[in-house]
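> A predicted structure for the sequence below; I have some questions about it.
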Protein chains: 2
Amino acid sequence: MSVDKRLAEARQLSQMLLDAAELSKNRFAQIAEEIGVPVHLARAICLLETAAPMTELASKLACDKSYITPLADQMEKLGLVDRVADAKDRRIKLLELTAKGRLVRERLGERVAQLSPVMVSLNASERAHLEKMLMQILNA
Amino acid sequence: MSVDKRLAEARQLSQMLLDAAELSKNRFAQIAEEIGVPVHLARAICLLETAAPMTELASKLACDKSYITPLADQMEKLGLVDRVADAKDRRIKLLELTAKGRLVRERLGERVAQLSPVMVSLNASERAHLEKMLMQILNA
DNA sequence: TATTGTTATACTCTATAACTATA
DNA sequence: TATAGTTATAGAGTATAACAATA
């Protein structure tokens, strides 16, 4: 295949990948708004299935720990999480969802399962295919 | 399928989509750096196959026109584009790649064709599959 | 000495609004 | 009156560096 054709295909496919990812993000933002939670808090809440140190959350969100402090402040203010002292290491504060936080997390989960573009647009076997190919891309 | 399972699958697949898109972006950034062009300029240069009004570039980059002015300034300073007066409408400035700009664009193209994750990881039929599924997602 | 979380600050990216020159 | 591009300014999102408490 010519360089030009390969380039055109690489461009198009990469752009579609970017667009699909953005669609997915936008859908999540819509869901968060529908539920009434700022989207950056919603992402964090999804990751707090079990209580976790703030540093661990920073690592999962791929951000600096200094970003977690105000984020935790906001979640606390909204009554979504508590800062809980760790039993063994007194430096550590665990972020633990409150009852309200768990409820929000559950609702987010339900709506994501219903509305996520990959779930809406693809059947089970197509999803399996997609997963396989994304895996190949990510492991290259 | 249970809500929990659907949620887990939606999460995983969406995350993989996001990760693959990010990998693609990072690869492009690497290529731009290798060639010695700031990545935001590289994106613009790729879109300037033919000379285009600044507003048109803004539309393609999905940004405000006020963002294009400093971007064009930088490209001009590096000798990659010229601001050319439009023959018919004197309000319009066309951004046109210089010889140097065209060379940079060509090099970017070659490297993208070689290194883009979708090209590296998938063969032609897999890419066709991926394209079909991304299309379904984007048209939902 | 290294690590957790906090604070103050600064930086990057991008948009908004007001402006000018044309149309 | 509307549009192309420019300018000044402001905001969102995030990081860096220094710090206190604890390990």
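Perfect, I can see it now. None of these values were measured; they are calculated from a predicted model. Residues are numbered from 1 along each chain as shown, chains lettered A, B, ... in the order given.
> could you find the closest non-adjacent residue to residue A:83?
Closest residue to residue A:83 apart from its sequence neighbours, by C-beta to C-beta, 6 or more residues apart in numbering or on different chains: residue A:93 at 4.5 Å. Backbone N, C-alpha and C define where each C-beta goes, glycine included.
> okay, the one you found: pLDDT?
Here the pLDDT value assigned to residue A:93 is 98.
> pretty sure it sits against residue A:81.
No. Between residue A:93 and residue A:81 there is no contact under C-beta atoms under 8 Å: 10.2 Å.
> which of these two has more neighbours?
More neighbours surround residue A:81 than the other of residue A:93 and residue A:81, with 27 against 19 (other C-beta atoms under 10 Å in any protein chain shown).
> may I have the residues that are in contact with that one?
Residues near residue A:81 by C-beta atoms under 8 Å, 6 or more residues apart in numbering or on different chains: A:45, A:48, A:72, A:75, A:95-98, A:101.
> ok, residue A:78 next?
Residue A:78 makes contact with A:37, A:41 under the criterion C-beta under 8 Å, 6+ apart.
> what are the phi and psi values at it?
Backbone geometry at residue A:78, expressed as degrees, to the nearest 10, gives phi -80, psi 0.
> got the confidence number for it?
Looking at residue A:78, its pLDDT is 97.
> do residue A:39 as well
97.
> residues of the strand or helix carrying residue A:127 that come out buried?
Using DSSP states H and E, residue A:127 sits in helix A:124-139. Neighbour counts over helix A:124-139 (16 or more other C-beta atoms under 10 Å in any protein chain shown) mark A:126-127, A:129-131, A:133-134, A:136-137 as buried.
> same question, stretch A:108-127
By neighbour count with 16+ other C-beta under 10 Å, stretch A:108-127 contains the buried residues A:108-113, A:116-119, A:121-122, A:126-127.
> show me what that stretch is in contact with.
With contact meaning C-beta under 8 Å, 6+ apart, stretch A:108-127 is reached by A:20, A:23-24, A:27-28, A:30-32, A:34-35, A:37, A:42, A:45-46, A:130, B:3-4, B:6-7, B:9-11, B:13-14, B:17, B:133, B:136-137, B:139-140.
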